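Q: the following block contains a protein sequence and its predicted model.
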Amino acid sequence: MSIQPGLKGSASVPVVHENTAAAVGSGSVEVFATPFMIALMENAALNTVKPYLAEGEGTVGTEIHV
């Protein structure tokens, strides 16, 4: 099976104090922190292609645009 362009996926988590900008020091307000947003994006990407990967394979991000 090969990975084709245009695949879509998703991931979600609730916003709780522990994943806010105020909690991780990347800001001072109780909003979803950028580092957690990037991790969520990477998780969505992995979940999307995981069915196409052989056992033991994974994904690596090389660039993000936020």
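A: Structure received.
Q: which regions of this protein sit below the pLDDT cut-off?
A: Residues of the chain meeting the criterion pLDDT under 70: 1.
Q: can you map out the helices along it?
A: 21-24, 34-49 (DSSP state H).
Q: could I get those helices as TSV with distance to residue 3?
A: Every C-beta, even on glycine, is put in place using the N, C-alpha and C of the backbone. Converted to TSV, these look like this (distance: least, CB to CB, whole Å):
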stretch	distance to residue 3
helix 21-24	32
helix 34-49	5
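Q: Serialize those to a markdown table and add fields for mean neighbour count.
A: Output for the helices of the chain, formatted as a markdown table (neighbours: other CB atoms under 10 Å):
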| stretch | mean neighbour count |
| --- | --- |
| helix 21-24 | 14 |
| helix 34-49 | 15 |
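Q: among those, which comes closest to residue 8?
A: Distance to residue 8, taken as CB to CB, is lowest for helix 34-49 among the helices of the chain, at 6.8 Å.
Q: which strands and helices sit next to that closest one?
A: Using 3 or more CB pairs under 8 Å, 6 or more residues apart in numbering; DSSP states H and E as the contact test, the elements touching helix 34-49 are helix 21-24.
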